Each structure stands twice: as C-alpha cells, then as structure tokens.
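Novice: my questions concern the predicted model and sequence given below.
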Amino acid sequence: MRVIITKDYDEMSKEAARIIAKQIKEKPDSVIGFATGGTPLGTYKELIRMHKEGGLDFSKITTFNLDEYYGLGPDHPQSYHYYMFENLFNHVNVDPKKIHIPDGLAKDVEAFCKKYEEEIKKAGGIDLQILGIGRDGHIAFNEPGSSLASRTRLVALAEETIKDNARFFEKEEDVPRYALSMGVGTILEAKKILLLASGESKADAVAALIEGPVTSQVTASALQLHPDVTVIIDEAAASKLKRKSYYKFVDKMYRMLEEKKSL
Ligand code: GLP
C-alpha cells in the first residue's frame, strides 16, 4: 500500500487528479470507478480544469459508480446519479452511453445487481477505482460486518452513516436507509485502487485501514490484501498513524525513482 500524506485537502485533490489523469492518458479507454461524497469534490474540480484547460480527454473512458441510495431516482438532487452529473460528467466529454451508476429505482434489485457485476466484467474490469472512506471505515456502502467477499447488492446503512450523510439532506429522516453498493469483493477486483481521506474525523478510520487488522468490522482494511492501492490523505486524516514518518520516507523514495524514470 502506498501512502501519500499531503499538507491539506487541496493538495490531496490535486495529487489524486494527477493520478487519474495519468491513467486516462496512458490508457484512453480506461474503465474508471467513481466515488461520491464530499471528499472527491476537489479532485473532480481539478479534473474538470484539466479537461477545460489542458484538453484531458474523457471520451473513451467507461465509468462505474460505487453505489446509489435505494429509492432515489436520477433526478433527485441527493442521488449519487445527480451528484456525478452535477460535479463531473456534465463538465467533461464523457460519453453518456459509457456511464454506469446503480439504479436506485431498480424493481428487481437482485437481477439489477447481477447485471451490474456482469457489465463490469464485460467492460474488462475496472482499471482504477476511486474510493472515499466512511468514519466507520466503510468503502462504498459496505458497512461494518459486510463480507469481505461481498458483491453488488442491497445494503442497510449504519446509524453513523445516516447521521454523517444527513448534512446533504434537509433532515435526517430524509436519508434513505438502504443503498445499492458494489461489494468489497467487487472493489478488490479493480486493477488499481485510489482511496482519499481528509480531515480529523477520518483519522481513526484511516489508522484502522492502514495499520489495523484485516476485518469485516472495517471494510476498508480489506484493501491491505490488494496489490496496488494508493491512499492519499491530508495531515489531519493521517494524524493517528503510528508509522507516518516511514510512509513519508517511502513516498519520497518513490518520487525520486519516478523522477529518474522520466529523465
Ligand atoms: C458515503 C459513500 C462513500 C463515501 C463516504 C464518505 O457513505 N457511500 O463512498 O466514501 O460517504 O463520504 P465523505 O467523503 O462525504 O466523507
């Protein structure tokens, strides 16, 4: 696991956008897994800037989103569908036919989830999956207790997540209690994973993800089993890591090697 510690949210966002842009430039028809939440907003802003000012081309990528609230349609302002169009897709040249977001209004949920998994496979698998992390250590909506082998399915949200996400809704009662979410097993099949976290409220989850045991109680900890994970966190989110200076040292070495390679 590569750990990159940035001074603040802004630097975290720029670093993440740089990695995503590199992926798209190296493989223009990349399959990118997108995440929602407050954390990736700065990254998406930077990607939009790169598209507008530097011509970063999204036209050949295929996208798969991690999750969607169950019961919310694409026009609902709090749906993840709406979020993705509002904060990224409407501002870049992504092909709408290549966008996949779980359908919060799916009638046959089981059939829909099965099809979603098949579509990921048909696209050749996810090349780069972007992730945030919940305060309880969840990735996508894989709440504590989710099987580390889980696949896309209907999940019940934890109390803590409902409270955290209430800030996007008028009142807490409006937050859906269920969601469709890729499973931990689905996420682990992505070729590369990029997890972002910012702020002190994420420090415990980040410490558990990087330095804790692999456990279904912190589904992000399953990323320790993946061979190509980059975690970009700001100083506040890194504040509870025991080996912070070691990660910084390793990151410096990586950068020196990368610089040498590009000479
Ligand atoms: C939700 C999403 C997750 C996201 C998490 C953290 O629960 N399903 O994918 O990582 O929120 O969100 P935020 O970035 O707003 O803290």
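Specialist: That came through fine. As the structure is a prediction and not an experimental result, all values here were calculated from the model.
Novice: when you work out contacts or count neighbours from here on, use the C-alpha atoms and nothing else.
Specialist: Will do.
Novice: tell me where this structure has strands.
Specialist: Along the chain, counting by DSSP state E, strands occupy 2-6, 31-34, 62-65, 67-69, 99-100, 128-131, 153-156, 178-181, 192-197, 229-234.
Novice: quick check: mean pLDDT of the second one?
Specialist: So the one you mean is strand 31-34. Averaged across strand 31-34, the pLDDT comes to 98.
Novice: packing partners of it?
Specialist: Helices and strands touching strand 31-34, by 3 or more Cα pairs under 8 Å, 6 or more residues apart in numbering; DSSP states H and E, are strand 62-65, strand 128-131.
Novice: of those strands, which is nearest the ligand?
Specialist: For the ligand, the closest of the helices and strands packed on strand 31-34 is strand 128-131, at 5.9 Å, according to Cα to the nearest ligand atom.
Novice: so what are the sheet partners of that closest one and their directions?
Specialist: strand 31-34 (parallel), strand 192-197 (parallel) (DSSP bridges).
Novice: on that earlier part again, make TSV out of the helices and strands packed on strand 31-34 and add mean neighbour count, distance to I101 and mean pLDDT.
Specialist: Converted to TSV, the helices and strands packed on strand 31-34 look like this (neighbours: other Cα atoms under 10 Å; distance: least, Cα to Cα, whole Å; pLDDT from 0 to 100):
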stretch	mean neighbour count	distance to I101	mean pLDDT
strand 62-65	23	5	98
strand 128-131	24	14	98
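Novice: now render those strands as a markdown table, adding distance to the ligand.
Specialist: A markdown table is the format used below for the helices and strands packed on strand 31-34 (distance: least, Cα to the nearest ligand atom, whole Å):
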| stretch | distance to the ligand |
| --- | --- |
| strand 62-65 | 9 |
| strand 128-131 | 6 |
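Novice: mind putting these in CSV, distance to E53 included?
Specialist: Formatted as CSV, the helices and strands packed on strand 31-34 follow (distance: least, Cα to Cα, whole Å):
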stretch, distance to E53
strand 62-65, 22
strand 128-131, 23
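Novice: circling back: make a markdown table out of the strands paired with strand 128-131 and add mean neighbour count and distance to the ligand.
Specialist: Listed next are these as a markdown table, based on neighbours: other Cα atoms under 10 Å; distance: least, Cα to the nearest ligand atom, whole Å:
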| stretch | mean neighbour count | distance to the ligand |
| --- | --- | --- |
| strand 31-34 | 24 | 9 |
| strand 192-197 | 23 | 7 |
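Novice: reformat the ones you listed as JSON lines; add distance to K114.
Specialist: Converted to JSON lines, these look like this (distance: least, Cα to Cα, whole Å):
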{"stretch": "strand 31-34", "distance to K114": "17"}
{"stretch": "strand 192-197", "distance to K114": "22"}
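Novice: point me to the residue of the stretch 51-200 of the chain nearest the ligand.
Specialist: Counting by Cα to the nearest ligand atom, the stretch 51-200 of the chain gets nearest the ligand through G132, at 3.3 Å.
Novice: show me the contacts for that residue.
Specialist: With contact set as Cα atoms under 8 Å, 6 or more residues apart in numbering, G132 has these partners: A35, T36, G37, T39, P40, I139, A140, L195, L196, A197.
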